[in-house]
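Colleague: What shape does this take:
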Amino acid sequence: MTLNLDLIKAKYPFLRIPARQHNSKEIVFTLDLGALSLPPERRIETAELMLTRGFPEKGKARIRLSKEAILALPHVEENGWVCLNGDPGPGYGLSPEYRIMETLYRFQEFIWEWCQGQLDFDFYDEPLNYWYIWVKQAVYRDIPIRKVWIADNRPSESCVKEGRLLLPGRIVLTGDDQMVQRLAQSRRKAIQQEVSVRIADIPIDVPLVPSTWPKSDSELERLLFSRLNHEDRHRFLLPEGERRKGRGRYRVVLLRHLEHGYAYLLPGGPYISIGSGNPRHTYRPPPSLIPLVVERLDPSWTVGRDQYPEVNRRQKERVLIIGLGALGSPVADHLAKAGVGELTLVDDDTLEPANLGRHLLGANALEQPKVEGMSNHLSRTYPAVRVKPIKQNIEDWLIDNRLDHYDLVLDLTGMEEVRRLLDRHRRRHPCPLLIAWMEPFVVAAHACLLPKDVPWIHNGKDHLEFLQAVTWPDEVVQQEPGCSTRFQSYTAVSAAYAVALVAEKALDALDKGINQQKVYSWTRSQTYLDKAWNHLELREWAQRDDRGNGLPVDGTLIERSFPPEMIDP
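Modeller: Modelled structure (predicted):
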């Protein structure tokens, strides 16, 4: 590589020439910071321009500062790299000289803004990024706790509570007791030992940045003394004689902002050995204050990163899902993932090999009741949901149970006898109802939303056939060999459209209520139908595969009233 260094030096005289090789991979130039006239209070020991390996074809021109600049300047990474919009990298058709000069220009501008104090508040833009840098600097190999998982919302007042340290993962769980229990259960195969940890949970209103972090035991204890009541102080702030090495309990201070948290592991606590025989691993208590990573597992964060206020309300809602087949199983998964607090699953079927291509569960659940497999999957994967599996025929279950206990009932069976049964029970115990099904080949999928006082059956008639997009011949629905089971032909890929429709409408019903009876239908085009089955036509209401803006339309969401106009299908 040949560079016109004189051209670069003429424009940026603080670039020192010659360069040196670094690990035979990078080319390094020293920057003369004295030429930039930094004020004494804003001194940096060294700065380097580094052309990383493969420059200019692969690498980039970057700036790296000495260690004392880390956490003293914003936009500096843990290894000293400065985050600049400088060299755009290869592939832009720019000369190597231009890319280097752009990097030097951005760095010079960055240093000038920092010296003027214009970047001082930039730490608040990414407070956790700098906290994680400090954590990486502070942790040691045998630290007994490396991370805190919180499974509840920030408290309104400071308090002291218990947490569970899972070893050898070295993760502390704290928060809602039931959710913590489900989290621990989901990781049971990886847990060799549990240890009780005492936690001081302190709400804070302003994010912490390097200039405001408590950096010593005394600073942190002053904060705790001012925020905890007398009883909690006595429980948490142990007398000096009880903090001796190898004694007492681990203590963690959790400082919680609205969006994120910071944690400290205080000095002291026991030595803990994991494993039997040789080798054994021993975790040593910290001799001084250690910062820890905090990760939120509360639904407000995991579902929508605090962008969906509906999640807190969903946590209180109860949903009954009848039918856990190719439609019901992924819909249940979506509702759990979306933060619904309680799911009751009713199905009396067992997972068979023929189900594997379309069901959410896999071969590990074969010959298990579908409700048990789904309950295990949901509880293990989404600890914020409470799952109640019912392996029972819905007719038998309704003898001893009522529907009006539920905020929403979903019938995903596609069976007329179930729809009629629900209608009878809803007359005695009204509840909001969503009935959903797919047509063969998923040419169309439908979700009918009924307020609690609106029945599905009108004048003794079941409306499903009238709502469909196609009049299907009998031979489309096929018979499984050797049994009485019938099935439709489609793949899980096609069914994903229906799953999305039903899950979305179920969440709308929970969040906004069902004020009007409506049918939502996702329909494919006539071209799609022709590929699936010849000599059939979409009904007139479903013929939406016209050309919009000159482009073919395949897939339309249509909203209709209910009950539909009775037309002979």
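Colleague: and the gap between K215 and A138?
Modeller: 10 Å (CB to CB, to the nearest Å). No exception for glycine: its C-beta is placed from N, CA and C like everyone else's.
Colleague: which one of these two has more residues nearby?
Modeller: Comparing K215 with A138 by other CB atoms under 10 Å, the one with more neighbours is A138, at 16 against 12.
Colleague: give the contact list for that one.
Modeller: 290-291 (CB atoms under 8 Å, 6 or more residues apart in numbering).
Colleague: that's a helix at V340, yeah?
Modeller: No - assignment of V340 by DSSP: H, G, I helix; E, B strand; the rest coil gives coil, placing it outside any helix.
Colleague: which one is it nearest to, not counting chain neighbours?
Modeller: Spatial nearest neighbour of V340, chain neighbours left out: R314 (5.1 Å); criterion: CB to CB, 6 or more residues apart in numbering.
Colleague: so the one you found touches G341, yeah?
Modeller: Yes - between R314 and G341 there is a contact at 6.4 Å, judged by CB atoms under 8 Å.
Colleague: more crowded one of those two?
Modeller: R314 (24 against 19).
Colleague: and the gap between that one and L450?
Modeller: As judged by CB to CB, R314 and L450 stand 20 Å apart.
Colleague: so who does the residue nearest to V340 touch?
Modeller: 299, 338-341, 507, 510-511.
Colleague: Quick one: the strands in the stretch 451-569 of the chain, in order.
Modeller: Along the stretch 451-569 of the chain, the stretches classed as strands by DSSP state E, counting those that start in this stretch are 478-479, 486-487, 518-523, 547-548, 551-552, 556-561.
Colleague: Let me know which of those strands is tucked in deepest.
Modeller: Mean neighbours per residue, mean count of other CB atoms under 10 Å, is largest over these for strand 518-523, with a mean of 21.
Colleague: H334 falls within a helix, correct?
Modeller: Yes - counting by three-state DSSP, H334 is part of a helix.
Colleague: Spatially nearest residue to it, not counting backbone neighbours?
Modeller: Of all residues not flanking H334 in the chain, A503 sits nearest, at 3.8 Å (CB to CB, 6+ apart).
Colleague: wait, doesn't that neighbour sit right on V331?
Modeller: Yes - at 5.1 Å, A503 and V331 qualify as touching, with contact defined as CB under 8 Å.
Colleague: who's more crowded, these two?
Modeller: Set A503 next to V331 and count neighbours by other CB under 10 Å: V331 wins out with 30 against 22.
Colleague: Can you list the helices and strands that the helix or strand harbouring that one packs against?
Modeller: V331 belongs to helix 328-337 when assigned by DSSP states H and E. When contacts are defined as 3 or more CB pairs under 8 Å, 6 or more residues apart in numbering; DSSP states H and E, helix 328-337 sits against strand 318-322, strand 342-346, helix 370-381, helix 492-512.
Colleague: The last one vs strand 556-561, what angle?
Modeller: Helix 492-512 and strand 556-561 meet at an angle of 40 degrees, taking axes from the mean of the first three to the mean of the last three CA atoms, to 10 degrees as the criterion.
Colleague: Centre of the chain to helix 492-512, how far?
Modeller: 19 Å (CA atoms, centre = their mean, to the nearest Å).
Colleague: How about that helix, which residues are buried there?
Modeller: Buried residues in helix 492-512, counted by 16 or more other CB atoms under 10 Å: 494-495, 497-499, 501-510.
Colleague: how about R16, what does it touch?
Modeller: R16 touches 29-32, counting by CB under 8 Å, 6+ apart.
Colleague: Check the spacing between it and T556 real quick.
Modeller: 66 Å.
Colleague: I'd like to know how many residues surround K461.
Modeller: K461 has 12 neighbouring residues, counting by other CB under 10 Å.
Colleague: May I have the beta-bridge partners of it?
Modeller: Taking DSSP bridges, one obtains H458 as the residues bridged to K461.
Colleague: quick one, what contacts L223?
Modeller: Contacts for L223 (CB under 8 Å, 6+ apart) come out as 202, 214.
Colleague: Next, it: phi, psi?
Modeller: Main-chain torsions, L223, degrees, to the nearest 10: phi -60, psi -50.
Colleague: ok, now K161?
Modeller: According to degrees, to the nearest 10, K161 has phi -140, psi -180.
Colleague: measure the spatially closest residue to P473 that is not a sequence neighbour to P90 for me?
Modeller: Distances taken as CB to CB, 6+ apart place L536 nearest to P473, at 7.8 Å, with adjacent residues excluded. Per CB to CB, L536 is found 55 Å from P90.
Colleague: which other residues reach stretch 417-425?
Modeller: Applying CB under 8 Å, 6+ apart, the external contacts of stretch 417-425 come out as 322-323, 394-395, 398, 402-403, 409, 411, 433, 435, 455-457, 462, 464.
Colleague: For D348, state which of these is nearest.
Modeller: Of all the contacts of stretch 417-425, the one sitting nearest D348 is I394; the distance, using CB to CB, is 8.0 Å.
Colleague: Could you tell me the model confidence score at the closest one?
Modeller: pLDDT, I394: 95.
Colleague: That one reaches T344, doesn't it?
Modeller: No - the criterion here is CB under 8 Å, and I394 misses it with T344 at 11.2 Å.
Colleague: wait, isn't F123 in contact with W213?
Modeller: No - F123 is not in contact with W213 according to CB under 8 Å; the separation is 10.5 Å.
Colleague: Need the pLDDT of I150.
Modeller: On pLDDT, I150 comes in at 96.
Colleague: Please settle this for me: is it part of a strand?
Modeller: Yes - under three-state DSSP, I150 falls within a strand.
Colleague: need the contact list for the residue nearest to it when sequence neighbours are not counted.
Modeller: The shortest distance from I150 to any non-neighbouring residue, by CB to CB, 6+ apart, is to G175 (5.2 Å). Contacts for G175 (CB under 8 Å, 6+ apart) come out as 149-152, 297-298.
Colleague: So which of these wins on neighbours?
Modeller: I150 (26 neighbours).
Colleague: quick one: contacts for that one?
Modeller: Contact analysis of I150 by CB under 8 Å, 6+ apart lists 174-175, 254, 256, 261, 294-298.
Colleague: mind redoing it with 10 Å?
Modeller: With contact taken as CB atoms under 10 Å, 6 or more residues apart in numbering, I150 is in contact with 163, 172-176, 180, 199, 201, 254, 256, 260-261, 263, 294-298, 301.
Colleague: Report pLDDT for I191.
Modeller: Here the pLDDT value assigned to I191 is 91.
Colleague: and it, how many neighbours?
Modeller: 15.
Colleague: Not including adjacent chain positions, what is the nearest residue to it?
Modeller: Nearest non-adjacent residue to I191, counting by CB to CB, 6+ apart: L166, 5.0 Å away.
Colleague: quick one: the helices in the stretch 251-400 of the chain?
Modeller: Along the stretch 251-400 of the chain, counting by DSSP state H, counting those that start in this stretch, helices occupy 299-304, 310-314, 328-337, 370-381, 394-397.
Colleague: And the contacts of the shortest one?
Modeller: Okay, so that is helix 394-397. The contact list for helix 394-397 (CB under 10 Å, 6+ apart) reads 320, 322-323, 344, 346-348, 390-391, 401, 411, 413, 415, 417-418, 421-422, 425.
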